[in-house]
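Colleague: After the sequence you'll find the predicted model.
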Amino acid sequence: MTEDSCYYSNKRMNQKTQIRPSRDADATRKRLLDAAEALFADFGYHAVSMRDIARRAHVNLAAAGYHFGNKENLFVEALSRRIRPINERRLAALSALEARKRPPSLAEIFDVFARAMIEEAVGNPETGRRLNRLLSRAFAESDEIAQHVFKQELLHVAMRFIQAVRRVSPGLTEEQAGLGIALYAGCVVHMLRWISSPPIPNLVSSNQQPDVKELMATLVSFGAAGFQKMAKQAKCKGGKA
């Protein structure tokens with residue numbers, strides 16, 4: 001073997017050894033996130049330890065600490081990787097609505113707020129179930145985690161939609177619009193549960209595939225009616241003042 005051929009052979013070998021650890025690290029991170037998502041969704045944040053997650057992911061505890069540092073980081077990242085793509089779809093759809101010559105209606109704004117999440121849950125019920133549980137647990141079990149997730153993944157989205165609904169209902173203050181969006185977001189989270197794990201199973205046909213169009217029509221009409229009522233009350237109150 002010539003000196004040149006030895007050089008290129010060694011170079012290729014070094015490239016392979018550089019690629020393999022990177023791929024292994026990515027695979028380990030994914031296993032840890034998958035395990036964390038499943039365990040947190042089923043048992044809650046406080047009932048799950050880093051050791052539980054490492055065991056489920058078939059990695060050692062040191063690897064879990066190396067990749068994520070602590071349990072809180074794992075929880076935040078497990079939820080963030082689910083909500084980020086949904087938020088990207090929401091914002092893209094809202095931007096498309098706002099770019100039209102005709103201003104969007106309240107119903108259209110509420111539709112794009114919820115649709116990506118509902119379509120995801122109908123298309124993959126297990127993902128919908130976990131997303132519902134992770135969101136519910138994040139906001140019910142740990143104020144610090146909830147605040148972190150909200151600021152990192154949801155605040156900028158919430159503000160975009162608050163601004164959008166205020167343009168449709170200019171009589172509302174930012175606080176009133178924010179309350180309306182928060183209430184509607186709660187409806188969306190509960191709709192995820194209705195799709196994936198109905199709280200009243202005997203009211204839902206187990207053999208019938210959920211219909212996105214029907215679900216969205218119900219959700220949007222319910223949310224829009226409540227918001228319009230809030231706007232009307234705010235207008236009346238402002239008139240009396």
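Modeller: Alright, I've got the coordinates. Numbers count the residues shown, from 1 in each chain.

Colleague: Nearest spatial neighbour of the residue most central in space within the chain, chain-adjacent residues omitted?
Modeller: With the centre of the chain defined as its mean C-alpha position, the nearest residue by C-alpha atoms, centre = their mean is Ile83, 2.3 Å away. Nearest residue to Ile83 in three dimensions, chain neighbours excluded: Glu153, at 5.2 Å (C-beta to C-beta, 6 or more residues apart in numbering). For glycine as for every other residue, the C-beta is placed from the backbone atoms N, C-alpha and C.

Colleague: wait, that neighbour sits on Ile86?
Modeller: No - in this structure, Glu153 is not within contact of Ile86 by C-beta atoms under 8 Å, at 9.6 Å.

Colleague: list the contacts for the residue nearest to the centre of the chain?
Modeller: Each residue near Ile83 by C-beta atoms under 8 Å, 6 or more residues apart in numbering is listed here: Leu131, Leu135, Val149, Glu153, Leu154.

Colleague: Repeat that for Met230.
Modeller: By C-beta under 8 Å, 6+ apart, the residues touching Met230 are Leu172, Gln176, Leu179, Gly180.

Colleague: Tell me the buried residues within these.
Modeller: For these, a burial check counting by 16 or more other C-beta atoms under 10 Å picks out Leu172, Gln176, Gly180.

Colleague: Alpha carbons only: can I get the strand or helix carrying the second one in CSV?
Modeller: Per DSSP states H and E, Gln176 falls inside helix 174-196. These are the backbone C-alpha positions of helix 174-196, laid out as CSV (Å, rounded to 0.1, in the frame of the first residue of the first chain):
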residue,chain,number,x,y,z
GLU,A,174,-54.9,42.5,26.4
GLU,A,175,-55.8,40.8,29.7
GLN,A,176,-59.3,39.9,28.6
ALA,A,177,-58.1,38.5,25.3
GLY,A,178,-55.4,36.5,27.2
LEU,A,179,-58.0,35.1,29.5
GLY,A,180,-60.1,34.1,26.6
ILE,A,181,-57.2,32.3,24.9
ALA,A,182,-56.3,30.5,28.1
LEU,A,183,-59.9,29.2,28.5
TYR,A,184,-60.0,28.1,24.8
ALA,A,185,-56.6,26.4,25.2
GLY,A,186,-58.0,24.5,28.1
CYS,A,187,-60.9,23.3,25.8
VAL,A,188,-58.3,22.2,23.3
VAL,A,189,-56.4,20.1,25.9
HIS,A,190,-59.6,18.5,27.1
MET,A,191,-60.6,17.7,23.5
LEU,A,192,-57.3,15.8,23.2
ARG,A,193,-58.4,13.7,26.1
TRP,A,194,-61.9,13.2,24.5
ILE,A,195,-60.1,11.9,21.4
SER,A,196,-57.6,9.6,23.0
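
Colleague: Name the residues of that helix that are buried.
Modeller: The neighbour-count check on helix 174-196 (16+ other C-beta under 10 Å) flags 176-178, 180-181, 184-185, 187-189, 191-196 as buried.

Colleague: Can you tell me what sits against it?
Modeller: 110, 113-114, 117-118, 121-122, 125-126, 128-129, 131-132, 135-136, 158, 161-162, 165-166, 169, 172, 199, 204, 210, 215, 219, 222-223, 226-227, 230-231, 234.
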